[in-house]
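Participant: Quick one: sequence and predicted model below, then my questions.
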Amino acid sequence: MLSVSKIETFYGESQVLFGVDLEVRAGQVVSLMGRNGMGKSTTINAIMGLKPPRTGTIEFENRPIHRLPSHAIARAGLALVPEGRQIFPNLTLRENLIATAANRRKRRHPWTLERVFAMFPALFERRDNRGDTLSGGEQQMLAIGRALMTNPELLILDEATEGLAPLIRAEIWTCLEALKAQRLAILVIDKNLRALTRIGDWHYIMEKGRIAWSGDSAALAATPDLRLRYLGV
């Protein structure tokens, strides 16, 4: 579904990504892990057209997208839940959801307000509240719901549960498990190794702008020194 091949990305003359390769297959949950500042968010921004690579290719459903603007990439079927949520603060919760709603592939059972509220009942109770009055957990649920309302083929989450209370984190992971059961492809950045190992199919670890390790959940669980080598502070 998604194929990233040998991309290199720069900020000015400073190189950040060095030949990054990764892929997400249909229905998979794939994680991208690593310490802060290792290039994870830059990789996501490259995929979404927010920081296009200088070299290398990115294909989605066998179509090159690395030279497309970000709005065209979103319309192709990718949806981003960005770090920091970035909801519209002056719109109500309901307006945030319907602002992005689209069913470009004419699905028979698309994501709707009702489906989002069924997944996150707390949002229904706050549907008429402005975005800037919501808690951090509510804003993260809203950001996920907003992405789902575009009816994507691939959902990307940058720091899925960072800074959230334990109960909210658990609810987010339950949501991602439910989406996996529905065969939605997911690429997620997070630090919760236990949750990622439980629901993930394949994992990538970044170190200084490169993919330092990749493998399935069994291999990740069987290699405990990875946490100290690549993920510890």
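Facilitator: Alright, I've got the coordinates.
Participant: per the record, what domains does this protein have?
Facilitator: According to automatic domain parsing, the chain comprises the domains 1-77+153-165+184-233, 86-152.
Participant: Take the ones you listed and write them to JSON lines, including mean pLDDT, distance to residue 176 and mean neighbour count.
Facilitator: (Each C-beta comes from the backbone N, C-alpha and C, glycine too.) Output for the domains of the chain, formatted as JSON lines (pLDDT from 0 to 100; distance: least, CB to CB, whole Å; neighbours: other CB atoms under 10 Å):
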{"stretch": "domain 1-77+153-165+184-233", "mean pLDDT": "94", "distance to residue 176": "6", "mean neighbour count": "17"}
{"stretch": "domain 86-152", "mean pLDDT": "95", "distance to residue 176": "9", "mean neighbour count": "17"}
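Participant: Residue 175: which of these is closest?
Facilitator: Comparing these against residue 175 with CB to CB, the closest turns out to be domain 86-152 (5.9 Å).
Participant: got the end-to-end distance for the closest one?
Facilitator: Its start and end residues considered, domain 86-152 measures 18 Å (CA to CA, to the nearest Å).
Participant: Number the chain from 50, please
Facilitator: Okay, using 50 as the starting number, the last item reads as domain 135-201.
Participant: Other residues contacting the helix or strand containing residue 260?
Facilitator: Using DSSP states H and E, residue 260 falls within strand 259-264. Taking CB atoms under 8 Å, 6 or more residues apart in numbering as the criterion, the residues outside strand 259-264 that touch it are 66-71, 83, 88, 251-255, 272, 275, 279.
Participant: So which of those are in helices?
Facilitator: Of the positions in those, residue 275 sit in helices, assigned by DSSP state H.
Participant: separation between residue 269 and residue 86?
Facilitator: From residue 269 across to residue 86, the span is 22 Å (CB to CB, to the nearest Å).
Participant: for residue 184, that is, sorry about that
Facilitator: Residue 184 is 28 Å from residue 86, by CB to CB.
Participant: so what's residue 54 closest to, chain neighbours aside?
Facilitator: Leaving aside its chain neighbours, residue 54 sits nearest to residue 106 (4.9 Å; criterion: CB to CB, 6 or more residues apart in numbering).
Participant: Pretty sure the one you found sits against residue 55.
Facilitator: Yes. Counting by CB atoms under 8 Å, residue 106 does reach residue 55; the two are 7.4 Å apart.
Participant: Next, the residues that contact the host helix or strand of residue 166 from outside, please.
Facilitator: Element membership for residue 166, per DSSP H and E: helix 162-168. In this structure, residues lying in contact with helix 162-168 by CB under 8 Å, 6+ apart are 143, 146-147, 172-173, 176, 194, 197-198, 224, 227.
Participant: Okay, helices next: where are they in this structure?
Facilitator: With DSSP H as the criterion, the chain has helices spanning 89-96, 119-124, 142-148, 162-168, 170-174, 185-197, 215-230, 242-248, 266-270, 274-275.
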